[in-house]
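Trainee: Compute the structure for the input listed below.
(one chain, ligands or ions: 1)
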Amino acid sequence: MSLDNSPAAAAQAPVSERIYAALRQEIMRCEIAPGTTLDAAAIARRYDVSKTPVRDAMQKLAADGLIAILPRSGYRVAPITFQAVHEILDLRAAIGPHAARQAARYATPADIAELRAIVREYAAPLDVGAMQQVARRFHVAIARCSRNKRVIALSENLFDELERLLRFAIDFSVKAGEHSDEHTALVDAIEAGDGERAAAIETAHIRHAREFLIERLMTLGYLSESEIRLGSPKRSMLA
Ligand SMILES: [Zn+2]
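Mentor: Here you go, the predicted structure:
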């Protein structure tokens, strides 16, 4: 890329940023389905821009792991694979109970009040996106109670990655009540300073979420057999 001072060049960076942000949101919300193929020309037409800022935006999305770059300016939105679901939930199962145990040790009355305020938000009718944000804030707030910055950062990352998976999986009309009960029990244990009980509740909570998520993804056909094979070491047996 040349160091061009023309107005057109100056405008280019914001355009690619705008396309990046718009596509990222659509991919995260699954408004563009996992596995969809896209091409630079079509995106450029849609946003009424040249292909250059589109390619820049797609490079950033590829760096985020949200798309794969195909030959001839083609792109594929990252599929939801069994491997990715497993890895995210496995890490959450390791970190969540630890955060809950530490929260029982360090949470202040102000922290408990904040957690209870978040749980109360489940009583309101929420759409899918709002419900996800409540769940994220609740679990990140518990991580914050652990007073461990790395645990907080990891929890935030995991919820970013879960966002795309959860779009498909949660039947909120069914789950909201149960979800809220588990959260209340968890806050009760943290308030009582009972780290082992808090960790046990969080372990069960994450196991329920995992079973539900995988079942839903399979029922809806998003975890296809071909995607499982793609991430499986068995592929090497064919070589
Ligand atoms: Zn939860």
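Trainee: what does the helix or strand encompassing Ala135 rub up against?
Mentor: Assigned by DSSP states H and E, Ala135 falls within helix 128-145. If you take C-beta atoms under 8 Å, 6 or more residues apart in numbering as the criterion, helix 128-145 is touched by 29, 95-96, 99-100, 102-103, 106-107, 111, 114-115, 118-119, 121-122, 126, 151-152, 154-156, 159, 163, 166-167, 170, 172, 176, 179, 183, 186, 190, 202. For the C-beta atoms, the positions are set from N, CA and C on the backbone; glycine is no exception.
Trainee: Now that helix: buried residues?
Mentor: Residues of helix 128-145 classed as buried by neighbour count (16 or more other C-beta atoms under 10 Å): 131-132, 134-145.
Trainee: Buried only: go through the contacts of helix 128-145 for me.
Mentor: So, by 16+ other C-beta under 10 Å, the buried ones in the contacts of helix 128-145 are 95-96, 99-100, 102-103, 107, 111, 114-115, 118-119, 121-122, 126, 151-152, 154-155, 159, 163, 166-167, 170, 172, 176, 179, 183, 186, 190, 202.
Trainee: Tell me where the protein has helices.
Mentor: Using DSSP state H, the helices of the chain run over residues 7-28, 40-47, 51-63, 82-106, 109-120, 128-145, 149-169, 172-191, 195-219, 225-230.
Trainee: what's the closest of those to Pro71?
Mentor: helix 40-47 (11.9 Å; C-beta to C-beta).
Trainee: Can you pull the domain assignment for the chain?
Mentor: 7-77, 82-219 (automatic domain parsing).
Trainee: Columns mean pLDDT on top of these, output as CSV?
Mentor: Formatted as CSV, these follow (pLDDT from 0 to 100):
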stretch, mean pLDDT
domain 7-77, 86
domain 82-219, 87
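Trainee: if you compare these, which one is most tucked away?
Mentor: Highest mean neighbour count of those: domain 82-219, a mean of 18 (counted as mean count of other C-beta atoms under 10 Å).
Trainee: What's the end-to-end length of it?
Mentor: End-to-end distance of domain 82-219 (C-alpha to C-alpha, to the nearest Å): 13 Å.
Trainee: How far does that domain sit from its chain's centre?
Mentor: Taking the mean of its C-alpha atoms, domain 82-219 sits 13 Å from the chain's own mean (C-alpha atoms, centre = their mean, to the nearest Å).
Trainee: Ok, stretch 69-81 next?
Mentor: With C-alpha atoms, centre = their mean as the basis, stretch 69-81 stands 19 Å off its chain's centre.
Trainee: Stretch 20-31 too?
Mentor: 12 Å.
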